[in-house]
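Pasting a predicted model and its sequence here:
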Amino acid sequence: MEDDGLVPTVEACRDSVASVKNMEEDTETKGSKETLTNGNFDHDVTFDDMLMKVGQFGPFQIVLYIMFSLPYLETAMQLLGWVFVGATPEHSCNQTGFANLSSSTEKGSDDVISSVVLDWHLMCDRAGFHASIGAAPMGGYLIGGLLFGSLSDKFGRKPTFLIANFILLSGGLCCALAPNYIMFLLGRCVVGMSIAGVESACFVMSLELVGPSKRTLAGILCWFFETGGLMLAAGIAYLVRDNWRLLQALYTLPALFFYTYAWAPPESIRWLLANKKLDKAERYVLLFHDNTLNSLINKHACLLRSSG
C-alpha cells in the first residue's frame, strides 16, 4: 500500500480493505482461542473491552479527538463575547431615567465606545433589557439540551453536530445584523440553543472513542479548548473595540471552518453499534489499532469511499 498520498489509489484501497479484513480475521481468531482456553467469562464483551484490545488513545483517536474538540473554541467565544458586545460604559442616571455618559466613550479612549448598550440605550430604567439579553442564551441552552439530545440518539451524533453548528452560525449572524433589541434577543436565544447541541455532540463523540483508562484525561483536556476560546474572545475584543457588529461577526464566522473537515470524522462508533450498523463500526474500531498516521488516513479514506 502506498503511503505517500492522502488520496489513495484503487489498488491502495484494495490493499487497505484486504489488510482490514486480515485484522478482522486475526481478531476473530484470537477471540475464539481466548474463549476456548479461558471459558470462565462472566460478562459480555463491551465496546470498552474492544478499545482495550485495539488501543485506547492511538493516533487515529487523537486526530478525531482534536477535530471534535475544536468547536469548543467557537462556543466559548459566543458565550464570553456578550461581555464585550454588550459592555456597559461608565455613566450616571438622572432623575428622568436617562444616562449621562462619561467623556471616556469618545474614540481613542480605553473605555467602551461601541456596544449594544450604547446603540439601544440599555441603561438606567432600561437596564432590565440588558439583563434579559444576558440570560437569553441560558434559556436557549435548556431548550437545546432537550431537543438535540433526542436528535442525537435518533439520527446520530455527527448529523446533530452539523445541524446545531449551522443554527449557531445563523443565530450569531442574526445578532450581528440585528436592527433592534428584539431581533438581537432572539438571536442570542438561538445561539444558546445551538451551543447545547454543538457541545453535547462533540463531548460525547470525543469521549466515546477513548478507552476507559484515558477517558478522565480526555474529559479534562477538552476544556483546554474552551479556555482557548475564552482567551481568543478577549483578544479579538481588544483589537475590535469600535464596532460591536463586526466583533459579533468575528465570533461567529469561525463556525464555517468546521464544515471544511466535516466529511472526515466517522459517526460515533457506539451509536453505530447501538443502531446495528455493525460492519461499519467494526472497520472503524480496527483503525484504532494502526500506529502509522499516514497509513490510517489512507485506510480511512478507503472506508469513506466504499461506504459512499
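The structure has been received and is ready for your questions. Numbers count the residues shown, from 1 in each chain.

what's Asp242 sitting at in phi/psi?
Dihedral angles of Asp242 (phi, psi; degrees, to the nearest 10) stand at phi -110, psi 10.

give me every residue that touches Leu185.
With contacts defined as C-beta atoms under 8 Å, 6 or more residues apart in numbering, the neighbours of Leu185 are Ser132, Ile133, Ala136. C-betas here are computed from N, CA, C, even on glycine.

Out of the residues you listed, which end up buried?
Ile133, Ala136 (16 or more other C-beta atoms under 10 Å).

In helices, which of the contacts of Leu185 fall?
Ser132, Ile133, Ala136 (DSSP state H).

residues contacting the first one?
Under the criterion of C-beta under 8 Å, 6+ apart, the contact list for Ser132 reads Leu185.

per-residue confidence at it?
In this model, Ser132 is scored at 92, pLDDT.

check which helix or strand covers Val83.
Applying DSSP states H and E as the criterion places Val83 in helix 71-85.

Identify the residues contacting that helix?
Here helix 71-85 has contacts from 115-116, 133-134, 137, 161, 165, 168, 172, 175, 188, 191, 195, 198-199, 202, 222-223, 225-230, 232-234, 236-237, 244, 247-248, 251-252, 254-255, 258, using C-beta under 8 Å, 6+ apart.

cool, stretch 192-205 as well?
64, 68-69, 71-72, 74-75, 78-79, 136-145, 147-149, 151-152, 157-158, 160-161, 163-165, 167-168, 171, 222, 265, 268.

Just the buried residues out of those, in PyMOL syntax.
The buried subset of these, as determined by 16+ other C-beta under 10 Å, is captured in PyMOL by this line:
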select buried, resi 64+68+69+71+72+74+75+78+79+136+137+140+141+144+145+147+148+149+151+152+157+158+160+161+163+164+165+167+168+171+222+265+268
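
quick one: which of the contacts of stretch 192-205 sit in helices?
64, 68-69, 71-72, 74-75, 78-79, 136-145, 147-149, 151-152, 157-158, 160-161, 163-165, 167-168, 171, 222.

Quick check: next helix or strand after the worst-scoring helix or strand of the chain on mean pLDDT?
Scoring the helices and strands of the chain by mean pLDDT, DSSP states H and E places helix 10-37 at the bottom, with a mean of 46. Sequence-wise, the next helix or strand downstream of helix 10-37 (DSSP H and E) is helix 47-54.

chain center to that next one: distance?
Remark: helix 47-54 is offset 25 Å from the chain centroid, using C-alpha atoms, centre = their mean, to the nearest Å.

I'd say Leu256 and Ser170 touch.
No. Look at Leu256 against Ser170 with C-beta atoms under 8 Å: they stay out of range, at 11.5 Å.
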